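Enquirer: Whatever this is, show me its structure:
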Amino acid sequence: MLAKTYGAAIFGVNATLVTVEVTVGQGTGTFLMGLPDSAVKESVQRVEAVIKYHDYFYPRTKTVINLAPADIRKEGSAYDLPIALCVLHASEQANLKKLEEYLIMGELSLDGKLRPIKGVLPIAIEARKNQFKGFILPKENASEASIVNNIDVIGVDTLSEAVDFLRGTLDIEPTTSDTRDIFLTTLNEYETDFADVQGQENIKRSLEIAAAGGHNVIMIGPPGAAETMLAKRLPSILPPLSLHEALETTKIHSVAGKLGSRATLMARRPFRNPHHTISDAALVGDGGMPQPGEISLAHNGVLFLDELPEFKQSALEVMRQPLEERTVSISRARWAVEFPANFMLIASMNPCPCGYYNHPEKECTCPPGSVSKYLSRISGPLLDRIDLHVEVTPVNFEQLSSTRKSEASAAIRERVIKAREMQTERFTEHAGVYCNAMMPSELVRKVCELSEAGKMLLKTAMNKLQLSARAYDRILRIARTIADLAGSPEIKIEHLAEAIQYRSLDRESWGM
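Expert: Prediction:
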């Protein structure tokens, strides 16, 4: 007898429908086909043990298990449940009349309990797209799948529950959730706030500018100057996620298995902080079936690289294309996949190996030439993609002991949102450009027009400060963002002057 149901394979951040077929006939042995990996091959042993545990028998005649299409590699243990149900139906031990109406996924324990799986959200989207009646999956994943409407999400704890439901002897209420309510409830919830940080007003200002224009930032300062503390608070002043962005972000984290059990829609912007020992593949994403890396997990949020020069140079260089294209393209001989990677890069570093170059109180102990050698670990092309260079100084005792409350993230966020609204209106006719940082050079010339006085100021700054040519467009983009924060339709002298100070690493004499 032939039994058929459906599962899904994850490829990139999308799911592909997989047909699970089992036939039991004359002969001996079990044959698993359809390009399975080791975890899928082990499924046969798990299914046999679970079926016996529930007082059924595993067929001793020839059992053929086919996962179609056969040219797509199947990975992971999530095919356990559909295979087990098909074996029971094909061997006529259970009449599972609803089997073909549902997409089914789940990993089985040897006692028949279901373990949570990865990639539930894109699978649920694929199930709705193919007009299945519902999606049967582990109960711990049901909340995540319920984000998708117009499909019954049936969460089960054990194989027995799934069998009884498909027999029609057990009613299970579909898991539902109000996506918009979840989104709006958690939209503005952040554990950190700029009000907790004393002093460092200039750094807060630079991060506000970065948030308003989508600019990348590098902070250079001595140990203990609060760069990490400030960076962790950046998501709290970024504009709220739209519902589309929240679904896109949740999808990526679902595929990577980063949501956790009983998770629902991600309504807050992600903040990723990988250690400097991270490999190239872990940063950009890779694998037998490619998984999203840290730069994709930071999509629509912040990627913070602490101690930037300590990262492997090869790992840093793989970020060039994602920073420019806002996507990650991974190509191999048999496949090519694309992950979204629209993130803000925030980096911090010491100015020299000992950390005290240009310190107001402590003396640098580094030998001559070591500062420039240390900075050379960051390549020019990567530095070229970072708009704001901020020199951080330590906080003094008076600032630390002050009882005056700093400005809260909510107040800063309001200004950022207003600036972003101006940019949204400005770039309505320019596809793929959503903020000032994304402007191509030809658009910079149109949008960032300067007065004669502004041109003279910029010319003087470039000559006196020995700024490199690559600083020119960056300064104009930053000045445009500062003007947006001030609600000004034109770039004024004070906006341009403030923007110039944020290009310290472009000075030819810096670190010499």
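
Enquirer: CA atoms for contacts and neighbours, from now on please.
Expert: Fine.

Enquirer: What are the buried residues along stretch 45-58?
Expert: 46-51, 57-58 (16 or more other Cα atoms under 10 Å).

Enquirer: Name the nearest of those residues relative to Ala211.
Expert: Relative to Ala211, the closest of the buried residues of stretch 45-58 is Arg46; by Cα to Cα it sits at 50.0 Å.

Enquirer: what about Glu490, how many residues close to it?
Expert: 16 (other Cα atoms under 10 Å).

Enquirer: ignore the last one, Glu442
Expert: Close neighbours of Glu442, defined as other Cα under 10 Å, add up to 9.

Enquirer: cool, Thr428 as well?
Expert: Neighbour tally, Thr428, other Cα under 10 Å: 11.

Enquirer: ok, back up a step: redo the buried residues of stretch 45-58 as JSON lines? Include secondary structure.
Expert: JSON lines is the format used below for these (DSSP: H, G, I helix; E, B strand; the rest coil):
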{"residue": "Arg46", "secondary structure": "helix"}
{"residue": "Val47", "secondary structure": "helix"}
{"residue": "Glu48", "secondary structure": "helix"}
{"residue": "Ala49", "secondary structure": "helix"}
{"residue": "Val50", "secondary structure": "helix"}
{"residue": "Ile51", "secondary structure": "helix"}
{"residue": "Phe57", "secondary structure": "coil"}
{"residue": "Tyr58", "secondary structure": "coil"}
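
Enquirer: out of those, what pair is the most spread apart?
Expert: Arg46 and Phe57, at 13.2 Å, using Cα to Cα across the buried residues of stretch 45-58.

Enquirer: biggest strand in the protein, by residue count?
Expert: Counting by DSSP state E, the longest strand found in the chain is strand 14-25.

Enquirer: Which strands or helices does it pack on?
Expert: strand 2-11, strand 62-68, helix 80-90, helix 120-129 (3 or more Cα pairs under 8 Å, 6 or more residues apart in numbering; DSSP states H and E).

Enquirer: switch to 10 Å and redo it
Expert: strand 2-11, strand 30-33, strand 62-68, helix 80-90, strand 102-104, helix 120-129, helix 243-255 (3 or more Cα pairs under 10 Å, 6 or more residues apart in numbering; DSSP states H and E).

Enquirer: Report the buried residues of it.
Expert: 14-24.

Enquirer: Just name the closest of the residues you listed to Ile475, please.
Expert: Asn14 (38.9 Å).

Enquirer: Just put the helices and strands packed on strand 14-25 in TSV and tack on mean neighbour count, distance to Tyr356 and mean pLDDT.
Expert: Formatted as TSV, the helices and strands packed on strand 14-25 follow (neighbours: other Cα atoms under 10 Å; distance: least, Cα to Cα, whole Å; pLDDT from 0 to 100):
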stretch	mean neighbour count	distance to Tyr356	mean pLDDT
strand 2-11	22	47	91
strand 30-33	14	62	90
strand 62-68	20	61	93
helix 80-90	26	57	94
strand 102-104	27	59	95
helix 120-129	24	48	94
helix 243-255	21	39	90
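
Enquirer: Which of those sits closest to Pro353?
Expert: Checked against Cα to Cα, the stretch from the helices and strands packed on strand 14-25 lying closest is helix 243-255, at 35.8 Å.

Enquirer: Given whichever helix or strand comes after that closest one, what are its sheet partners and their directions?
Expert: Downstream of helix 243-255, the next assigned helix or strand under DSSP states H and E is strand 271-272. Strand pairing for strand 271-272, determined by DSSP bridges: strand 302-305 (parallel).

Enquirer: what's in contact with the strand it pairs with?
Expert: 216-218, 228, 231-232, 234-235, 238, 269-276, 294-298, 311, 316, 342-349 (Cα atoms under 10 Å, 6 or more residues apart in numbering).

Enquirer: Would you mind measuring from Met229 to Ser504?
Expert: 22 Å (Cα to Cα, to the nearest Å).

Enquirer: same question, Asp157
Expert: Distance, Asp157 to Ser504, using Cα to Cα: 58 Å.

Enquirer: Can you give me the first-to-last residue distance of stretch 63-82?
Expert: End to end - Cα to Cα - stretch 63-82 spans 15 Å.

Enquirer: just stretch 334-348 next, same as before
Expert: 38 Å.

Enquirer: Alpha carbons of stretch 277-288, as CSV, please.
Expert: Extracted in CSV, the C-alpha atoms of stretch 277-288 (Å, rounded to 0.1, in the frame of the first residue of the first chain):
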residue,chain,number,x,y,z
THR,A,277,37.6,34.7,16.7
ILE,A,278,34.6,34.1,14.3
SER,A,279,35.4,32.3,11.0
ASP,A,280,34.6,33.7,7.6
ALA,A,281,31.8,31.2,7.1
ALA,A,282,30.2,31.9,10.4
LEU,A,283,30.2,35.6,9.6
VAL,A,284,28.9,35.5,6.1
GLY,A,285,27.0,32.2,6.2
ASP,A,286,27.7,28.8,4.6
GLY,A,287,27.4,25.1,5.1
GLY,A,288,26.3,21.9,3.2
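
Enquirer: pLDDT of that stretch, averaged?
Expert: Stretch 277-288 carries an average pLDDT of 84.

Enquirer: contact partners of that stretch?
Expert: Counting by Cα under 10 Å, 6+ apart, 12, 37, 73, 75, 274, 290-297, 310-319, 322, 328-332, 337-339, 341 sit against stretch 277-288.

Enquirer: ok, the closest residue to Gln93 other than its chain neighbours to Lys97 distance?
Expert: Leaving out its chain neighbours, the residue that sits closest to Gln93 by Cα to Cα, 6 or more residues apart in numbering is Tyr56, at 7.3 Å. Between Tyr56 and Lys97 the computed distance is 18 Å (Cα to Cα).

Enquirer: quick one, what contacts Gly136?
Expert: For the record, residue 136 is Ile, not Gly. 7, 81-82, 102-106, 124, 142, 145, 152-156, 162, 165-166, 174.

Enquirer: One more pass at 8 Å, please.
Expert: Each residue near Ile136 by Cα atoms under 8 Å, 6 or more residues apart in numbering is listed here: 102-105, 153-156, 162.

Enquirer: mind giving me TSV with those and columns for distance to Thr249?
Expert: What follows is these, written out as TSV (distance: Cα to Cα, whole Å):
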residue	distance to Thr249
Tyr102	26
Leu103	23
Ile104	24
Met105	22
Val153	21
Ile154	24
Gly155	23
Val156	26
Ala162	30
